[in-house]
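**Student:** Sequence unavailable; structure follows:
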């Protein structure tokens, strides 16, 4: 039934193929390291701990945002709704200035660039970085959480196999 | 528009509320530490690196599977399709023997328990553990990848705000 790919180390093509079947919620991570700013769409964001409140995400060394995200002391993690698809695309498109449209972003009093159109965001301090192969895992302690004013949960954005999806009543399994 | 919750440390209730809006692909992680076996449904699995092939997931100290998953030297990560919902529920239900139905699981030649009904799985060696607050992040180097024999991608399973979702053409944003 299954094709086993046996070796001491798994083949990278198969490893990538396996993870193409795995869906991920979508976040936009922004930061400023004092000399430059960066924005990166990430599907690796997850909460890790609630005492303290910690989250993590990983940054590939090949990402254009890597030099900033790996030296900034604080970041803003925007958790994207399906309506934020344009921002998700912006943060995952190579060779564009992700801050070109100055109507979309602003700065927190503490200096971090952020996109106020996103309803849910977490600002935090980088507390740990772990270099793992071709990427670095960044661990962040939340210092500020902004939730939707109306308390409503909108359909979230999900990435899967190079496509974008919206979760709503139609996708729900009962 | 937004309710800002300003403090040096974010409130845990708000941190949790933010992550309830964030969707996650669903995996079932299994292991045997030599004295006991464990299975745990996780939405924190993500690929980190492709040279070497590394993935990570986090395990809450409160999880019944924690004692085994935090001492086992190898694990099996099953990436779940929507059709695997019963297994996702099994691995996230407290107080049940997750291996009670012996028709569902088997053992790899190397001893790890696994659920052969899942089409995509990654077996790997634990290469790092990082204690972060109330959880531990487990880093795994893939040693074997099993992909669906027919090469087809089935609708994946996604968890969001305590509900399960299926990604398919109906959820896709065009």
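**Tutor:** Everything's here; your move. In this text, all values refer to a predicted model and were calculated from it rather than measured experimentally.

**Student:** Please identify which helix or strand holds residue A:68.
**Tutor:** helix A:66-69 (DSSP states H and E).

**Student:** So what are the sheet partners of the helix or strand that comes right after that helix and their directions?
**Tutor:** Sequence order places strand A:74-79 as the next helix or strand after helix A:66-69, per DSSP H and E. Strand partners for strand A:74-79, identified by DSSP bridges, are recorded as strand A:27-32 (antiparallel), strand A:120-132 (antiparallel).

**Student:** Residues in contact with strand A:74-79: which ones?
**Tutor:** Strand A:74-79 is contacted by residues A:25, A:27-31, A:45, A:55, A:57, A:69, A:84, A:87, A:108, A:110, A:112-115, A:118, A:120-126, A:138, A:140, A:143, A:156, B:18-19, B:21-22 when judged by Cβ atoms under 8 Å, 6 or more residues apart in numbering or on different chains. All C-beta spots, glycine's among them, are computed from the backbone N, C-alpha and C.

**Student:** picking that back up, please convert the strands paired with strand A:74-79 to CSV, extending it with mean neighbour count and mean pLDDT.
**Tutor:** Output for the strands paired with strand A:74-79, formatted as CSV (neighbours: other Cβ atoms under 10 Å in any protein chain shown; pLDDT from 0 to 100):
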stretch, mean neighbour count, mean pLDDT
strand A:27-32, 25, 98
strand A:120-132, 19, 98
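
**Student:** Mind putting these into TSV with distance to residue B:96?
**Tutor:** Written out in TSV, the entries for the strands paired with strand A:74-79 read as follows (distance: least, Cβ to Cβ, whole Å):
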stretch	distance to residue B:96
strand A:27-32	33
strand A:120-132	33
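
**Student:** Quick test: name the residue nearest the centre of chain A.
**Tutor:** Compute the mean C-alpha point of chain A, and by Cα atoms, centre = their mean the closest residue is residue A:42, 2.8 Å away.

**Student:** Mind listing what's buried along the lengthiest helix in chain A?
**Tutor:** Selection of the longest helix in chain A by residue count, based on DSSP state H, yields helix A:12-20. If you call a residue buried by 16 or more other Cβ atoms under 10 Å in any protein chain shown, then helix A:12-20 has these buried ones: A:14-15, A:17-20.

**Student:** Also near chain B: which of those, exactly?
**Tutor:** Among the buried residues of helix A:12-20, the residues lying close to chain B (Cβ under 8 Å from any Cβ of the partner chain) are A:14-15, A:17-20.

**Student:** ok, back up a step: in TSV, list the buried residues of helix A:12-20 along with pLDDT.
**Tutor:** Converted to TSV, the buried residues of helix A:12-20 look like this (pLDDT from 0 to 100):
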residue	pLDDT
A:14	97
A:15	97
A:17	96
A:18	97
A:19	97
A:20	94
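
**Student:** what about the strands in chain A?
**Tutor:** When assigned using DSSP state E, the strands of chain A occupy the ranges A:2-6, A:24-25, A:27-32, A:37-42, A:46-50, A:53-60, A:74-79, A:106-107, A:113-114, A:120-132, A:135-148, A:157-160, A:163-166.

**Student:** for the second one, packing partners?
**Tutor:** Right, strand A:24-25. The criterion is 3 or more Cβ pairs under 8 Å, 6 or more residues apart in numbering or on different chains; DSSP states H and E, and the helices and strands that strand A:24-25 contacts are strand A:157-160, strand B:24-25.

**Student:** could you point out where chain A is predicted with low confidence?
**Tutor:** Under the criterion of pLDDT under 70, the regions of chain A flagged as low confidence span A:1-8.

**Student:** again, 90 this time
**Tutor:** Low-confidence regions of chain A, defined here as pLDDT under 90, cover residues A:1-10, A:151, A:153.

**Student:** burial count for residue A:79?
**Tutor:** One way to gauge burial is a neighbour count; for residue A:79, by other Cβ atoms under 10 Å in any protein chain shown, it gives 25.
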